[in-house]
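1. Fold the following, please.
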Amino acid sequence: MPTTRLYYSDPLLREFSCNVLQCEPSSHNSSSTPVFEVITDVTAFYPNSGGQPSDRGTLDGADVIDVIERDDTVVHITPADVPLGPTTGRIDIERRFDHMQQHSGQHILSAAFARLFGFETVGFHLGDEYVTIDLNTTEISSDQLAAVERLACEVVFQNRRVESKFWDPAALDRTRLRKPTDRTENIRIVEVEDFDLSACGGTHVRATGEVGLIKIVRTERLRNITRVEFVCGRRALADYRLKNSVALASAAALSVHVRQLPEAVDRLLAQGREMHRTIERTNAELDHFRAERMYGTADMLGGSGIRLIKLVSTTEAPDSLKSIAQRITQMPGAVVLFGSTANGTAQLVFARSADVSLDVSKILREVLPEVDGRGGGAPALAQGGGKRPDSLKRAIDMAAESVAHAIQVPAN
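-> All right, here's what the predicted structure looks like:
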């Protein structure tokens with residue numbers, strides 16, 4: 001038989017009496033976390049429905065960890081068996097009131113978007129931290145968001161009556177609804193006085209003042225809709241506290257007033273970008289100097305006139321080694337075999353000058369098994385990495401032997 005739902009008549013009911021009609025192990029049980037499905041004749045627990053999450057609380061002392069709807073029956077999910085017969089249910093009223101604030105705030109905000117700009121709400125989700133609505137538009141300006149937020153908050157401040165009741169389908173003027181409904185019976189209407197009329201089965205505040213505040217947090221464009229994220233009531237207060245604390249701490253760190261924080265951050269970012277450019281220029285000059293020094297002091301491979309430059313570093317980043325290798329091989333007659341263990345793995349960079357007839361990618365592939373690695377590249381430049389940094393020096397030495405053999409001179 002259908003469950004009588006007490007939250008319709010009293011959404012702030014904290015405790016209620018009921019009879020447990022059925023308690024059975026859930027068909028969704030797993031061996032590690034068994035749960036039970038409890039059915040009562042009446043309930044004040046709201047089930048997952050219409051974008052609003054279910055209530056929490058206790059039933060005969062057992063935690064209610066979820067509430068679902070099965071046809072006209074409300075099913076309470078508990079981790080413990082609940083005895084049949086008379087018992088008491090208790091609602092987590094803090095969670096319930098939070099959901100009431102968010103859901104009523106959503107009705108007001110959606111109505112404001114529709115009234116001011118004709119944007120319709122096509123999706124709604126009430127999460128643990130934020131609430132979102134999806135609007136049938138891809139473009140919303142900051143001025144439009146400000147206007148909607150201002151109107152929504154004015155409706156809250158005016159403390160307008162909010163009434164929820166079931167209507168006779170024959171007596172309902174459906175043209176007055178903000179959104180059409182396809183229900184033909186048990187039509188429950190939530191009315192925000194002189195502002196909004198919507199079909200809804202959720203729990204709502206008694207007057208708009210209980211919503212406290214509506215604050216749009218951000219928007220996101222998703223395909224052909226815009227998602228608007230917002231918070232109401234206590235969530236808005238918590239959001240303000242967090243952001244105010246962050247803003248004050250940031251302003252103190254930069255020795256400015258909070259109002260001056262955006263300009264201070266812009267200056268800091270500009271300084272950071274300029275410093276980054278300076279570091280890049282300095283590193284480029286240093287790489288050029290190191291490349292010339294390495295080239296000038298390199299040993300020749302026998303009488304071939306080819307310079308072999310080897311390096312195994314524990315501190316150099318692979319990108320830095322690549323930059324130096326490319327600068328060296330812009331000069332004639334050079335072969336570069338670089339290795340690094342700076343990031344905890346074996347990284348190899350092999351290169352050669354344009355006038356050297358040698359495929360360094362082939363040599364790289366020959367030595368990669370030594371470091372249990374993978375890599376590849378072109379005949380003039382190749383890179384790879386491996387899991388055995390302790391074998392990197394051996395791999396570089398093997399590569400040097402291959403270079404010497406390919407050029408047909410003894411390895412140095």
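2. what's near enough to touch Ala207?
-> 159-162 (C-beta atoms under 8 Å, 6 or more residues apart in numbering). Every C-beta, even on glycine, is put in place using the N, C-alpha and C of the backbone.
3. mind running it again at 10 Å?
-> Applying C-beta atoms under 10 Å, 6 or more residues apart in numbering, we find Ala207 in contact with 104, 156, 158-163, 192-193.
4. ok, and the most crowded of those?
-> Ser104 (29 neighbours; other C-beta atoms under 10 Å).
5. just how off-centre is the strand or helix carrying Arg96 within its chain?
-> Taking DSSP states H and E as the criterion, Arg96 maps to helix 93-117. Averaged C-alpha coordinates place helix 93-117 at 24 Å from its chain's average position (C-alpha atoms, centre = their mean, to the nearest Å).
6. Please tell me how far Gly385 sits from Arg374.
-> 7 Å (C-beta to C-beta, to the nearest Å).
7. Common neighbours of these two, please.
-> With C-beta under 10 Å, 6+ apart as the test, Gly385 and Arg374 both reach Leu368.
8. Tell me which of those two has more neighbours.
-> The neighbour count for Gly385 versus Arg374, taken as other C-beta under 10 Å, is higher for Gly385 (18 against 12).
9. Need the pLDDT of the more buried one.
-> pLDDT for Gly385: 93.
10. Is it in a helix, a strand, or coil?
-> Classification of Gly385 by DSSP: H, G, I helix; E, B strand; the rest coil places it in strand.
11. shouldn't it be in contact with Gly376?
-> No: in this structure, Gly385 is not within contact of Gly376 by C-beta atoms under 10 Å, at 11.0 Å.
12. got any residues that touch both of the two?
-> Common neighbours of Gly385 and Gly376 (C-beta under 10 Å, 6+ apart) are Leu368.
13. tell me the phi and psi of Asp81?
-> phi -70, psi 140 (degrees, to the nearest 10).
14. While we're on it, how confident is the model there?
-> So Asp81 comes in at 93 (pLDDT).
15. number of nearby residues for it?
-> 14.
16. what helix or strand is Ala264 on?
-> With DSSP H and E as the criterion, Ala264 is inside helix 261-297.
17. buried residues in that helix?
-> For helix 261-297, the neighbour count (16 or more other C-beta atoms under 10 Å) marks 261, 264, 287, 290-291, 294-295 as buried.
18. Who are the packing partners of it?
-> Where contact means 3 or more C-beta pairs under 10 Å, 6 or more residues apart in numbering; DSSP states H and E, helix 261-297 is packed against helix 233-253, strand 307-313, helix 318-328, strand 334-340.
19. so which of those gets nearest Ala62?
-> helix 233-253 (27.4 Å; C-beta to C-beta).
20. tell me the angle the helix holding Ala264 makes with helix 233-253.
-> 50 degrees (axes from the mean of the first three to the mean of the last three C-alpha atoms, to 10 degrees).
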